[in-house]
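[1] predicted model, plus sequence, below.
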Amino acid sequence: MNLNINLKKSVFLMLAVALGTLTSCDDEVGNGNGLAAANVDASFTVTPVTGAVNTYLLTAQPKGVISSKWNIGDGDYAGKMNETITLPDAGTYTVTHKAIGAGGTLGKATAQIVVAKTDPLKGNLVQGGSFETAADQAKWTVLNLSATGAAFWSYANKSATIHSPGGWAQEGIYQAIDVIKDKEYTIDMLVSCPSGSDETWFEVYAGTSAPKSGVEYKDNKVMGLSTWDGCAKAAFSGKLSVVGCVKNDVTGTVSNTVKFAQSGKIYLLIRSGGNTFTKDGITVSKIELRGK
């Protein structure tokens, strides 16, 4: 009888010690016990890819790194330790690498890439896509869809923002672009909003029919945001090709690739509005249409 009692006491004692040890470990995470890295080396090299135009291999050192995020000027995105990027347009780019180590420790490194010449096959065909100057803004034509003018676009901070009071008020902007028959193109842009919406859309079209004032444009929807499809219900920020959820009319999938049956003029058009539209508006910048 005494032996049985002593055994039970020993078991309880061992459990208490074990639980105490686990609690101590939890309390000490990040306090030098080895569960969190003291620092993370985010350094990386930049190497031009032989035979490819304006294409670069970013190679990060892997020691102590669990995951990587890259930013080439369009916002952070999850990437690989060996990341290949293409910079079609001439200019100076600051590339940032964020390396995440054990315990969530973050390291950061940057490098500059100077691109001397624009890729003639992949250059941006959109004019004024940055909305930076009055001349840029003038490249866009407003498609009046809100009879009372309740929905409207405004320009500021190198971007354009669509505002709507809700009640299904909407408005569009567009520009004409010349394309080549059967050539594949990609469309993309940065979109952001600090608050969500309900019964709201932000749609991008690349159609051959000319927009008409007061007529809802529906020719060749390529991509977009839609609360019915599950995006734009909460805050968002990033490339539309990443944060968007609207299916491409041609492919039936979420895709930003288009091609055309004839060479000539097409209309790149953005149409947005909704029933319960975000109070902050939806902001767009860095609009691109490029050959693949």
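    That came through fine.
[2] now for the longest strand seen in the chain, which elements pack on it?
    The single longest strand within the chain, with elements called by DSSP state E, is strand 264-276. When contacts are defined as 3 or more C-beta pairs under 8 Å, 6 or more residues apart in numbering; DSSP states H and E, strand 264-276 packs onto strand 159-163, strand 169-179, strand 198-207, strand 282-291. Every C-beta, even on glycine, is put in place using the N, C-alpha and C of the backbone.
[3] mind putting those strands into JSON lines with mean neighbour count, mean pLDDT and distance to Arg271?
    Below are those laid out as JSON lines (neighbours: other C-beta atoms under 10 Å; pLDDT from 0 to 100; distance: least, C-beta to C-beta, whole Å):
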{"stretch": "strand 159-163", "mean neighbour count": "22", "mean pLDDT": "98", "distance to Arg271": "9"}
{"stretch": "strand 169-179", "mean neighbour count": "19", "mean pLDDT": "98", "distance to Arg271": "4"}
{"stretch": "strand 198-207", "mean neighbour count": "22", "mean pLDDT": "98", "distance to Arg271": "5"}
{"stretch": "strand 282-291", "mean neighbour count": "21", "mean pLDDT": "97", "distance to Arg271": "11"}
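[4] turn the ones you listed into a markdown table, including distance to Leu106.
    Shown next, in a markdown table, are the helices and strands packed on strand 264-276 (distance: least, C-beta to C-beta, whole Å):
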| stretch | distance to Leu106 |
| --- | --- |
| strand 159-163 | 28 |
| strand 169-179 | 38 |
| strand 198-207 | 32 |
| strand 282-291 | 26 |
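[5] that older thread, tell me the buried residues in the longest strand of the chain?
    For strand 264-276, burial by neighbour count (16 or more other C-beta atoms under 10 Å) applies to 266-274.
[6] what number of residues lie near Ser255?
    The number of residues packed near Ser255 is 15, by other C-beta atoms under 10 Å.
[7] one more: Ala135?
    9.
[8] tell me which element it is part of?
    Taking DSSP states H and E as the criterion, Ala135 maps to helix 134-137.
[9] distance from that helix to the middle of the chain?
    24 Å (C-alpha atoms, centre = their mean, to the nearest Å).
[10] one more: stretch 193-204?
    For stretch 193-204, the distance to the chain centre is 15 Å (C-alpha atoms, centre = their mean).
[11] that stretch spans what distance, first to last residue?
    Start-to-end span of stretch 193-204 (C-alpha to C-alpha, to the nearest Å) is 17 Å.
[12] what's the angle between the longest strand of the chain and strand 159-163?
    50 degrees (axes from the mean of the first three to the mean of the last three C-alpha atoms, to 10 degrees).
[13] pull out the buried residues from stretch 137-156.
    Buried positions in stretch 137-156, judged by neighbour count with 16+ other C-beta under 10 Å: 137, 140, 143-146, 150-151, 153, 155.
[14] state the distance from Ser237 to Gly273.
    Distance of Ser237 to Gly273, given as C-beta to C-beta, to the nearest Å: 20 Å.
[15] any idea which of the helices and strands packed on strand 264-276 gets closest to Thr118?
    Thr118 sits nearest to strand 282-291 of all the helices and strands packed on strand 264-276, at 10.5 Å, using C-beta to C-beta.
[16] of all the buried residues of strand 264-276, which two lie farthest apart?
    Ile266 and Gly274 (25.9 Å).
[17] helices of the stretch 1-150 of the chain, residue ranges please.
    Using DSSP state H, counting those that start in this stretch, the helices assigned to the stretch 1-150 of the chain run over residues 2-27, 134-137.
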